[in-house]
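Visitor: structure, please.
(chains A and B)
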There are 2 protein chains.
Amino acid sequence: MGVNSNRAEDFSSQDTTLRITTESVMPGMEIHKVCLPPKKTTLQKLKQRLGEIFFPDDPLHRFKNRTWCKKLLLGLQFLFPIFQWGPEYNLKLLRSDIISGLTIASLAIPQGISYAKLANLPPILGLYSSFVPPLIYSILGSSRHLGVGPVSIASLVMGSMLSETVSPHDEPILYLKLAFTATFFAGLFQASLGFLRLGFVIDFLSKATLVGFMAGAAVIVSLQQLKGLLGIVHFTTKMQFIPVISSVFKHRDEWSWQTIVVGFSFLVFLLTSRHISMKRPKLFWVSAAAPLTSVILSTLLVFCLKLKSHKISVIGYLPKGLNPPSANMLSFSGPDLALAIKTGIVTGILSLTEGIAVGRTFAALKNYQVDGNKEMMAIGLMNMAGSCSSCYVTTGSFSRSAVNYNAGAQTAVSNIIMSTAVLVTLLFLMPLFYYTPNVILGAIIITAVIGLIDYQAAYRLWKVDKLDFLACACSFFGVLFISVPLGLGIAVVVSVFKILLHVTRPNTLIMGNIRGTNTYQCLGRYKEASRVPSFLILAIESPIYFANSTYLQERILRWIREEEDWIKANNEGTLKCVILDMTAVTAIDTSGIDLVRELRKMLEKRSFQLVLANPVGSVMEKLHQSKTLDSFGLNGIYLTVGEAVADISALWKSQP
Amino acid sequence: MGVNSNRAEDFSSQDTTLRITTESVMPGMEIHKVCLPPKKTTLQKLKQRLGEIFFPDDPLHRFKNRTWCKKLLLGLQFLFPIFQWGPEYNLKLLRSDIISGLTIASLAIPQGISYAKLANLPPILGLYSSFVPPLIYSILGSSRHLGVGPVSIASLVMGSMLSETVSPHDEPILYLKLAFTATFFAGLFQASLGFLRLGFVIDFLSKATLVGFMAGAAVIVSLQQLKGLLGIVHFTTKMQFIPVISSVFKHRDEWSWQTIVVGFSFLVFLLTSRHISMKRPKLFWVSAAAPLTSVILSTLLVFCLKLKSHKISVIGYLPKGLNPPSANMLSFSGPDLALAIKTGIVTGILSLTEGIAVGRTFAALKNYQVDGNKEMMAIGLMNMAGSCSSCYVTTGSFSRSAVNYNAGAQTAVSNIIMSTAVLVTLLFLMPLFYYTPNVILGAIIITAVIGLIDYQAAYRLWKVDKLDFLACACSFFGVLFISVPLGLGIAVVVSVFKILLHVTRPNTLIMGNIRGTNTYQCLGRYKEASRVPSFLILAIESPIYFANSTYLQERILRWIREEEDWIKANNEGTLKCVILDMTAVTAIDTSGIDLVRELRKMLEKRSFQLVLANPVGSVMEKLHQSKTLDSFGLNGIYLTVGEAVADISALWKSQP
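Guide: Here you go, the predicted structure:
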C-alpha cells in the first residue's frame, strides 16, 4: 500500500496536472485526476445551503449595483406591486379593467352567497368576503389576473371540519367565532410560510394528489347539494359518501317536486351555458353571466308565483350595509382553539395551493413571473385582515380568474372594480335577494365544482406514471370515504412514500461500451453496447443513504454472482475489476460511506478490484473526510468509466 | 415542425442505426440515437419492480436447475439452517462450542437477572428468557455467533413504556400479562416483517440515529441505576433526565453508605475488567467472568456479614424449576391492548435492529452471509414461543455475541450449551441467589450499557456529515428529555427529512468541456473545464418530482439569467442553446414532465433551444408516453453532452 501513504495530501492539493498512461487501450488517452470541490468552511457551506433552500430565486439580485434612491423605489415596488404598474396606468387599461371587473362581479355575487352556504355560514358572509380581501390583494398581490374571493374547496373543508364538532344551527355564534378564528390562523399560516420562505411546503401537494382531491371534493360537494336540490329538510351533517347517499334515500318523503323542477331546470341551464363557454372560449361571458341570470330569474319566479308557501325555501332577510368589524369575535383560548388552528392550517394550505397555482397558470400565459413567497404573504395578509372584517377564507379562484382573464383584465384594478360592485350590492341591493330560492345556490355550486373532476388528467396520470395515479386515487377515495383532511394526509404520505421507495430500492444497471466511443451505457437498452472482458461496470442510480445501503450491498453482490455465473457459462476469462459509475450518486451519508468501505474489503478478500468512476463533488468530499479515499489509492478513482477501463487494462498489460 | 410529425414512431422503433454528421466540431464524431428501454407491459414492470422490492437477493437462485430431491434438501436447509451445518458437526467443533457456551452462560446468568430488573420484571424472568429462546434460535437462526438473550435497550424500553400506564409494584400480575402480551406482539411483528420480506423497514433506523439513541438510552439506564447504587427507596418511575436527577437529590436522606461502598467498589472492579478486555481482546474472559465473580463475591459478603440488616437490599427468594407456561397470560382484549401492541412494536423493532446488526457484524468477520429476512423470522418465532413460556423480549445481544465469538464459538450449539447451563441453574442453584444484593445488578447494568455511548462515532458523524450528526443529536436528546419512543420517532423523521431535503433542493451545476475530451464536468470544480460558447450546460443532480419541479424551474431560469449577465459582462456572443445533462435524473413523475414541457415552451419564447442529454431509461419512457418527446424533435435529445454540442454546432454552421 505504498502508493497510498501520501494520498490524502495528494487529493487535497488542488493542482490539475494530468497523468498520461503510456500503454492504454485507447492509444494516447489522457487520464484526468478526480478533483475535490473547492474547500469551504462549515459556515460557508451552511450559508450556501440555506441560500439554496430559502432564496433559490435570489430575490435581491435586482438591488445589486443600484443607487440608494433606486433601491428604495425597487423595495417599495417589491413590497407593493401596485407601485410597479400604478405609474403607467392609463384610461385604456382602466376600460378593460372595468369591463372585466363588472363581469367577475356578476359571477362573484351569486358564487359568494353559495359558497358561504357551503361553509355553513350566513350567505351574507360570502359577499363580505368578496369585498375586503380583493381590495387588499390588489395592493399587495403580484398577479394581474387573479380573481379573489371565497372558493368551493376551502369553503367545503372549513364547513366539514368545523361542523363535525360545533353545530352551525344549534350554536351559530360559536360557529361564526370559530370560522373567523380559523380564517385568522389560515392567514397567519399563509403569511408565515411566505415570510419564512417556506413556500416549498405546498409543493408537497403534488398535481396528482390535487387531481384526486379536487375530484373527491367535487363529488362530495355535489352530493351535499342534493339537500337543496331535492328540498330535503333533515339532512345528515356528515360529509362522507355513504352517509350522504343513505340520507338522500332515507328522507324520500321530504323530496319536494316543486324544488326539484326549479332546481334541475336551472341546473340544466347553467351546465349548458358552461358547456357553450368551454366549447367557444370567446363566449366566456355566457357562463359568467349565467349564475346571476339564474338568480334573477328564479327570484322573480318565486316572487311572482309566491312559491314560498309551496315549499321552496328562500334565502330570506339579509342585512344591508358594509362588513361589520369582527376582530372581537376572534378567540385565542378555550377548548376549540385546537380545532380552529387545525381548520385554519388545512384550509390555509388548500386555498394557498389553489391561489398560487391559478396565479402561476395565468402568469405563464402572459409570460410574467409570480413570486410564490410574495403571493403567500399577500394572500395571508388578506385573510388576516378578512378575519377582522367578517370575511372567511378567500383566495384566488380558478373560475373567477379564468373569467377575469378572458374578459380582458389588465391589472389588479379589476379586483377593485369588482369590490366596488359588491359594495353597491351590499349597500343597496340586499333586499332583492329575499325571495332567491336556496335551490338555485345548489345548482350554482354544482356547476362550479363539476369542472374540478378532471378525469382526463387522471387518465394521463395512469398512462404516464402508475404511482402518481395511485396517489391520485388515494386522495380521491380518502376524501370520499374517510374525511377531507385525512384523505389529503394519506395522499401526501403516498407521494412522499413514492420518493422514499425510489431511494430505498434504487436501480442498478450493468453497463457496456458503445463501440468506437468512450461512452458506456446500459447493456439491456443499447444494442451497440458490449461487455468489456474482465470488467463488471455497474451504474447506481440514486444517492447512497442509510435507507438503501443494505439493499445496494446485497444487490451489487448479486450482480457479481450473476456475472461470474455468466462468465462461467460463456468461458470468458475471469472477472477482475468492478467499476461503480457514481455519476448519479448525487449524495452519500455515513451509512453509504460504510457501504463503500465494506464493499471494497469484501471484494478485496475475493481478489476483485473496486473502482469508483466520476464521484460528484459532495461524495468525493465525504470520501475524503472519512479517509475512505486513502484506501482506494491511485487506481481506485477515475473521472470517467472510459479512463478507468483504459488505465487499468494498460496496468494489467504492463504487470501481467 | 415538419421533422416532428413521425417522431413517435421514430422513437418507438427499436432499430439502432447511427446518424453521422457531416460537419461536426469533433471531426468524424458519431451521433448515437437515444434508445427507449425494451418494451414491457405494465404487468411485467410491476413484477420486476416487486421483485426488486421484496426479493433483491433472489433467494431462490440456489434452487434453479436442481433435482427435486436436492430441492427438498435445500428447502429444509433454507428453513432450518441446522440441517446445513448439522451433518458436518464433529467433536472438535463441539469442544469449542462447549467452552464458549459455558463462558456466555457465566455472563448470561447475572445479565439476565439484571435486565429483568431493568424491565421492572421479576429477576427470575431474565433466566427463563435465557433458556427457551436460545434453544429455538439455534434451530432456526442462520448466524453462528449470535448470543441470544434479553438485552438492555429492549428491557429499558419495555419497562419505561409499560410502567407509564401500569405500576409494576401495585399491579404486578397485570404488568406481567402486559409484558408477555407485548413480547408476543414483538415476535409477531418481527416474524411478519421477515415473512412479508419487509426487512428494509429497519433500515430506516440509520446508524447515525442508533448511535444517538443508544447513548441516550445508556445515560438513562445508568441514571436509573443510581436508585440501587445509592440505596434510594422512593425513586421516581419516570425515565427522563430531569425527574431522575431531581429524584436522586431530593431523597438524599435515603442514601445508604453501606450500599454505596459495596456498589461503587464492584462498579470499579467491573469497569476495570471491562477496560482490560478492551485493551487486550485476548483477555476477553476477564470481562466475561467479572459479573458472575461479582455476584458470587457480593453474595458471600452479604451472607457472611449479614449486611441485610444493615440496609443492603437483596434479591430474596427465587423459585426453583423450569419456565412455567404463560400462554394463558396473553390477553388480546381489554383497555391495555393498544399499549401492549405499541410496546411490542417498539421493542420488537429495536431488538430486531440490534439482533440483525450484531449478526451481520460477526458474519462479516467470518465471511459468511446472514439473510436479514430469515433472521427476522427466527427472532420473531423465538419471541412468540418465549411469550408462551414466561420469557420477555430477547434478541442477539452485542456483549454476549462478542464474548461468544472471542471464546471461539463455531456453531449455534454454543447457545444450546448456554441454555443447558441456565437449565442447571434454574433447577438447582436458585437458592444461592437469595443473598445477592440488588446493588450488584445495578453495577452490572451500568458496565454493560456504558459501552453503548460511542462518542467517537458521534465525532466521526460530525466530521463527515452534519445532517447525520443532527439526526444523532436529535435521537440522543429526544430520548434523554422527552421519551424513548418519541425520541426515536423524531430521529427517524429527521433522517427521512434529510432524504426529502436532498430531493426538494437538488444541486444544479454548470458544466464545461474538459479540454481535448468529450467529457463535461462541473466548471467550479475542474479548472481544466471551460465554457462552450453559445451553450449553457446544466447538470441536474436529482430525480425530478413534484417536490422539486417548481424549485428547478426557478433555479434553471436563474442560471440562464446569470449566464446572460455573464455573457453581457464579458462580450461573449449570445446564448443560443441550453443543454440539460439528465444522467443523474434517475426518475421523473408527471410534475417533472410538466416542468420539462413548460421549460421548453418558455425557452422557445425567448428563442433558446432546450436539449436533453442522456435521459435514463425510465425518464425516456415517460417522456415518450406523455408525448413530450415528440415536441423535442430530432435535435432535442442526445446520448451525451459531447454529441449534443458537436451536432448542434455543426447544424448552426450549415444553417447560418
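Visitor: tell me the contacts of the closest residue in space to residue A:453 that isn't next to it in sequence?
Guide: Of all residues not flanking residue A:453 in the chain, residue A:215 sits nearest, at 4.5 Å (C-beta to C-beta, 6 or more residues apart in numbering or on different chains). (Each C-beta comes from the backbone N, C-alpha and C, glycine too.) Listed by C-beta atoms under 8 Å, 6 or more residues apart in numbering or on different chains, the contact set of residue A:215 reads A:452, A:453, A:454, A:455, A:458, A:476.
Visitor: model confidence for the fourth one, exactly?
Guide: Residue A:455 is assigned 90 on the pLDDT scale.
Visitor: the closest residue to it other than its chain neighbours is in what secondary structure piece?
Guide: With sequence-adjacent residues excluded and distances taken as C-beta to C-beta, 6+ apart, residue A:455 is closest to residue A:215, at 7.6 Å. For residue A:215, the element it lies in under DSSP states H and E is helix A:207-230.
Visitor: hmm, back to that, buried subset of the contacts of residue A:215?
Guide: Buried members of these, scored by 16 or more other C-beta atoms under 10 Å in any protein chain shown, are A:452, A:453, A:454, A:458, A:476.
Visitor: tell me the secondary structure at the residue of the stretch 501-650 of chain A found nearest chain B.
Guide: Nearest residue of the stretch 501-650 of chain A to chain B: residue A:546, at 3.1 Å (C-beta to the nearest C-beta). Under DSSP: H, G, I helix; E, B strand; the rest coil, the three-state class of residue A:546 is coil.
Visitor: for the stretch 151-300 of chain A, what lies in contact range of chain B?
Guide: A:200, A:203, A:204, A:206, A:207, A:208, A:209 (C-beta under 8 Å from any C-beta of the partner chain).
Visitor: run a quick neighbour tally on the residue of the stretch 501-650 of chain A closest to chain B.
Guide: 26 (other C-beta atoms under 10 Å in any protein chain shown).
Visitor: export the contacts of residue A:215 to TSV and append columns for secondary structure and distance to residue B:506.
Guide: Listed next are the contacts of residue A:215 as TSV, based on DSSP: H, G, I helix; E, B strand; the rest coil; distance: C-beta to C-beta, whole Å:
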residue	secondary structure	distance to residue B:506
A:452	coil	32
A:453	coil	34
A:454	coil	29
A:455	helix	32
A:458	helix	28
A:476	helix	30
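Visitor: the residue nearest to residue A:530 when sequence neighbours are not counted in helix, strand or coil?
Guide: In space, and not counting its chain neighbours, residue A:530 is closest to residue A:512: 4.9 Å by C-beta to C-beta, 6+ apart. Classification of residue A:512 by three-state DSSP places it in strand.
Visitor: just confirm residue A:512 contacts residue A:531, I think it does.
Guide: Yes - Residue A:512 is within contact range of residue A:531, at 5.1 Å (criterion: C-beta atoms under 8 Å).
Visitor: so what sits against both of these two?
Guide: With C-beta under 8 Å, 6+ apart as the test, residue A:512 and residue A:531 both reach residue A:523.
Visitor: can you give me the end-to-end span of stretch A:537-547?
Guide: By C-alpha to C-alpha, to the nearest Å, the extent of stretch A:537-547 from end to end equals 23 Å.
Visitor: please identify the helix or strand for residue A:602.
Guide: Assigned by DSSP H and E, residue A:602 belongs to helix A:590-605.
Visitor: first-to-last residue distance for stretch A:498-518?
Guide: From its first residue to its last, stretch A:498-518 covers 35 Å (C-alpha to C-alpha).
Visitor: okay, buried residues for it please.
Guide: So for stretch A:498-518, counting by 16+ other C-beta under 10 Å, buried means A:498-514, A:517-518.
Visitor: do the same with stretch A:397-415
Guide: In stretch A:397-415, counting by 16+ other C-beta under 10 Å, buried: A:397-407, A:409-415.
Visitor: coming back round to it: would TSV of the residues of the stretch 151-300 of chain A next to chain B with neighbour count, pLDDT and distance to residue A:274 be doable?
Guide: Supplementary listing: these in TSV, determined by neighbours: other C-beta atoms under 10 Å in any protein chain shown; pLDDT from 0 to 100; distance: C-beta to C-beta, whole Å:
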residue	neighbour count	pLDDT	distance to residue A:274
A:200	20	81	35
A:203	19	82	31
A:204	19	83	32
A:206	26	84	27
A:207	19	85	23
A:208	31	87	25
A:209	26	88	26
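Visitor: quick check: the two most widely separated of those?
Guide: Pairwise distances across those (C-beta to C-beta) peak at 17.1 Å, for the pair A:200 and A:208.
Visitor: sorry, back to before: apart from its neighbours in sequence, what residue is nearest the residue of the stretch 501-650 of chain A closest to chain B?
Guide: residue B:206 (3.1 Å).
Visitor: over to the one you found: give its phi and psi.
Guide: With angles defined as degrees, to the nearest 10, residue B:206 sits at phi -70, psi 160.
Visitor: for it, what are its contacts?
Guide: A:545, A:546, A:547, A:589, A:591, B:468, B:471, B:495.
Visitor: quick one on the thing from earlier: and the gap between the residue nearest to residue A:455 and residue A:459?
Guide: With distances taken as C-beta to C-beta, to the nearest Å, residue A:215 is found 12 Å from residue A:459.
Visitor: contacts only, for the residue nearest to residue A:542 when sequence neighbours are not counted.
Guide: Closest residue to residue A:542 apart from its sequence neighbours, by C-beta to C-beta, 6+ apart: residue A:506 at 3.0 Å. By C-beta under 8 Å, 6+ apart, the contact set of residue A:506 is A:540, A:541, A:542, A:548, A:551, A:552, B:586.
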